[in-house]
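**Q** sequence unknown, structure follows:
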């Protein structure tokens with residue numbers, strides 16, 4: 001297959017793993033809605049970096065990484081669930097008051113802080129690497145050969161392009177909607193986003209609890 005074909009397949013893989021609604025999606029949309037496009041994109045890049053790390057491990061069959069994630073999946077999910085709940089509670093606690101204007105463009109969340117938050121949320125979700133393993137395995141004869149390092153690298157490059165493009169589009173769309181929101185509506189959206197994140201975290205912890213008690 002041609003390099004462009006591998007890149008295109010990688011882009012589809014990035015969308016396959018990234019697009020489904022989850023806590024990271026909610027977090028990035030909330031950031032774009034509250035602080036604007038640049039902050040939303042920074043949050044998306046943080047998530048995309050974690051996606052690329054997992055995609056690289058899956059595409060190059062780095063068994064050490066996948067075995068570590070699989071062997072410690074419950075601990076990783078526990079940490080991830082607690083973090084999701086904490087970030088959701090933080091949004092609820094810091095949601096904008098009705099009398100406070102939106103922060104000016106130059107004084108919003110720091111890029112590194114925003115990106116690191118979504119990176120941590122994504123890297124503590126074992127489903128991400130398993131999603132890439134499933135997708136790359138499903139490619140069959142379309143996948144690069146085991147010894148085709150360049151083709152595999154092009155596949156991972158496609159994942160990076162696809163995930164960044166997805167988050168760019170999401171951030172741009174949410175930012176366009178932002179101009180139609182009053183301060184009161186923005187506060188309500190923050191409450192909903194925070195509550196959803198807390199709910200996601202509680203769901204993760206609840207599933208872990210059920211699994212734990214079944215093993216007893």
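**A** Thanks, I have it. As the structure is a computational prediction, the values presented were derived from the model and not from experiment.

**Q** what's the longest helix in the chain?
**A** Longest helix of the chain, by residue count under DSSP state H: helix 183-215.

**Q** same for that helix, what does it pack against?
**A** Applying 3 or more CB pairs under 8 Å, 6 or more residues apart in numbering; DSSP states H and E, we find helix 183-215 packed against helix 23-35, helix 73-93. Quick note: C-beta positions are derived from backbone N, CA and C, even for glycine.

**Q** how many other residues sit next to residue 130?
**A** Residues near residue 130, counting by other CB atoms under 10 Å, number 17.

**Q** where does this structure have its least confident helix or strand?
**A** In the chain, the helix or strand scored least confidently by mean pLDDT, DSSP states H and E is helix 63-71, which has a mean of 64.

**Q** still on that earlier bit, now do the buried residues in the longest helix of the chain.
**A** Buried residues in helix 183-215, counted by 16 or more other CB atoms under 10 Å: 186-187, 189-190, 193-194, 196-198, 200-201, 204-205, 208.

**Q** can you check stretch 145-153 too?
**A** Neighbour count says stretch 145-153 has 151, 152, 153 buried, by 16+ other CB under 10 Å.

**Q** which of those residues sits closest to residue 59?
**A** Closest to residue 59 out of the buried residues of stretch 145-153 is residue 152 (5.0 Å), distances taken as CB to CB.

**Q** pretty sure residue 155 sits against residue 9.
**A** Yes. Between residue 155 and residue 9 there is a contact under CB atoms under 8 Å: 6.2 Å.

**Q** more crowded one of the two?
**A** residue 155 (31 against 23).

**Q** tell me the confidence at that one?
**A** For residue 155, the model assigns a pLDDT of 94.

**Q** now name the helix or strand holding the closest residue to it other than its chain neighbours.
**A** Spatial nearest neighbour of residue 155, chain neighbours left out: residue 10 (4.3 Å); criterion: CB to CB, 6 or more residues apart in numbering. Element membership for residue 10, per DSSP states H and E: helix 3-18.

**Q** for that helix, the averaged confidence score.
**A** Computed over helix 3-18, the average pLDDT equals 91.

**Q** so what touches that helix?
**A** Here helix 3-18 makes contact (CB atoms under 8 Å, 6 or more residues apart in numbering) with 47-48, 51, 55, 128, 131-132, 135-136, 139, 142, 144, 150-151, 154-163, 165-167.

**Q** give the buried subset of those residues as a PyMOL selection command.
**A** Entered in PyMOL, the line below selects the buried ones among those, by 16+ other CB under 10 Å:
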select buried, resi 47+48+51+55+128+131+132+135+136+144+151+154+155+156+157+158+159+160+161+162+163+165+166+167
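
**Q** does residue 20 count as helix, strand or coil?
**A** At residue 20 the chain is in coil, as set by DSSP: H, G, I helix; E, B strand; the rest coil.

**Q** I appreciate the help and will end here.
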